[in-house]
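S.K.: Using only what follows, build the 3D model:
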Amino acid sequence: MKQAALAIAFLFFCSSGHAAMSKAEAKKLLAEYAFPETPDGILIPLNLSMPDAPRIVEAYLVLGARADQPVTYETDDKQKLTRYPLNYLLMFACSDDTTAAMAKLLVDAGADPNTTDPENDWAALSQAYACPDVQRVLLAAPKKANVNRVDRNGATAMHLVIRIGHDRKTESVRMLLDAGFDLARFRAELLKEARYRPEVLEILSAPPKIDWKSVPPYPQRTASEATKMLERPGAATTIDEHMWDGVTHREPLRLALALAAGANVRQTRAVTNYTPLILLTERCDLDDPGIQTANAELLLAAGADKTGVDANGADALVLAAGSCPVGVVRALIAADLPLQSRSKTGATALRNAITKERADVVEALLAAGVDPKKEPYNVRALASGNKEIEALLKKKRR
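M.R.: Modelled structure (predicted):
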């Protein structure tokens, strides 16, 4: 019951209904506690177990203290140390019900869960090994936590949770797995760490659930590690087939693993003779923009053939301009695909974008250097009636 009450209180504090503090209110609150208004004073409430500690932290942030900058302070024995506020907060017992609230204030203000305590090389996420409520905040931080970071002693946050975490270990283990912890890489050693915790062993021994549609960045994997992750029990799927499946099924992680495992990104598709880029752009729509953009970027980074065309002689940029998310178009532009290539039917990237009334793509093409005067048709007539595109073309002419 107490845990539930604390959780409700934390959610209430962090909800949108919490009124923003003014500078005058911040100054008044610090004066009430006789705390200095200088930015380094933010460390004081981070070491306090009191209901008002989160409000005091908020007061310092309102008055300009930086959550993303280290603070130098003096210890009782006159030693000068430097810590980031988030790491300083987690040096002390993080199970206090105010710690998660203070951690959320800091990460929302720019604190990075990947900053480390210089003494033990633990990132903030690792420092919270015994506190699932704080881990939850750090994993949801605007700056994404690296759940696979290995410290100088070879340990990850997961190692520390299993070794020295407290009674809510299984909760922490599940959170780290859901956040993308690379269990395949560390499974053998973690099973040894958890040998006396059957509830943890059960989680670690379960068949891995892989989110194939997750987008980069991914942990770095060797060819053999990638091949092992792609294995399908009872199926003899080749690495190249996994590459094509990654494109057609919109599964960036499968595509990335196939490329890491040695798939031939320069091959063409049987029957159609399409390159991977042409297959991707030919099947585009405006759904799943992050996934489709990730696939395009993965292929381009791996050296995919940029000269391929479809049955009508349209290259990837011409096709993408008509039907792909603008992120795919930008990726192709950044990869130096020709901006004014034509298909056999006279289609260009700009023509397809105007025809499909895609102002965002028109803007991207014009910004990249597409010259409407070089188009093999009357651009102004084609854009007539679409005020947003007309305005973009008029601005370009200036």
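
S.K.: got the contact list for residue 363?
M.R.: Listed by CB atoms under 8 Å, 6 or more residues apart in numbering, the contact set of residue 363 reads residue 392. Using the backbone N, CA and C atoms, a C-beta is placed for each residue, glycine as well.

S.K.: Kindly report the same for residue 128.
M.R.: For residue 128, the contact set (CB under 8 Å, 6+ apart) comprises 90, 94, 103, 134-135, 138.

S.K.: Could you export these as JSON lines, including pLDDT and distance to residue 362?
M.R.: Below are these laid out as JSON lines (pLDDT from 0 to 100; distance: CB to CB, whole Å):
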{"residue": "90", "pLDDT": "95", "distance to residue 362": "49"}
{"residue": "94", "pLDDT": "88", "distance to residue 362": "51"}
{"residue": "103", "pLDDT": "96", "distance to residue 362": "44"}
{"residue": "134", "pLDDT": "96", "distance to residue 362": "47"}
{"residue": "135", "pLDDT": "95", "distance to residue 362": "45"}
{"residue": "138", "pLDDT": "96", "distance to residue 362": "41"}
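
S.K.: From start to finish, how long is stretch 278-287 in a straight line?
M.R.: End-to-end distance for stretch 278-287: 18 Å, by CA to CA, to the nearest Å.

S.K.: And for stretch 157-174?
M.R.: Terminal residues of stretch 157-174 are spaced 12 Å apart (CA to CA).

S.K.: Just the buried residues of that stretch, please?
M.R.: Neighbour counts over stretch 157-174 (16 or more other CB atoms under 10 Å) mark 157-162, 165, 168-170, 172-173 as buried.

S.K.: swap in stretch 373-381?
M.R.: 375, 379.

S.K.: Equivalent analysis for stretch 47-66, please.
M.R.: 48, 53-63, 65-66.

S.K.: hmm, back to that, now, the most widely separated pair of the buried residues of stretch 157-174?
M.R.: Greatest spatial distance among the buried residues of stretch 157-174 (CB to CB): 159 and 168, at 16.6 Å.

S.K.: Report the contact partners of the spatially closest residue to residue 51 that is not a sequence neighbour.
M.R.: For residue 51, ignoring the flanking residues on the chain, the nearest one in space by CB to CB, 6 or more residues apart in numbering is residue 98 at 6.8 Å. For residue 98, the contact set (CB under 8 Å, 6+ apart) comprises 49-51, 53-54.

S.K.: mind checking how far residue 98 is from residue 273?
M.R.: Distance, residue 98 to residue 273, by CB to CB, to the nearest Å: 63 Å.

S.K.: Neighbours of residue 176, how many?
M.R.: As a burial measure, residue 176 scores 22 neighbours (other CB atoms under 10 Å).

S.K.: Make sure it is actually in contact with residue 157.
M.R.: Yes - in this structure, residue 176 is within contact of residue 157 by CB atoms under 8 Å, at 6.2 Å.

S.K.: just to revisit the earlier point, and which of the buried residues of stretch 47-66 is nearest residue 238?
M.R.: Nearest member of the buried residues of stretch 47-66 to residue 238, counting by CB to CB, is residue 66, at 51.8 Å.

S.K.: Surely that closest one is in a strand?
M.R.: No - using DSSP: H, G, I helix; E, B strand; the rest coil, the secondary structure at residue 66 is coil, not a strand.
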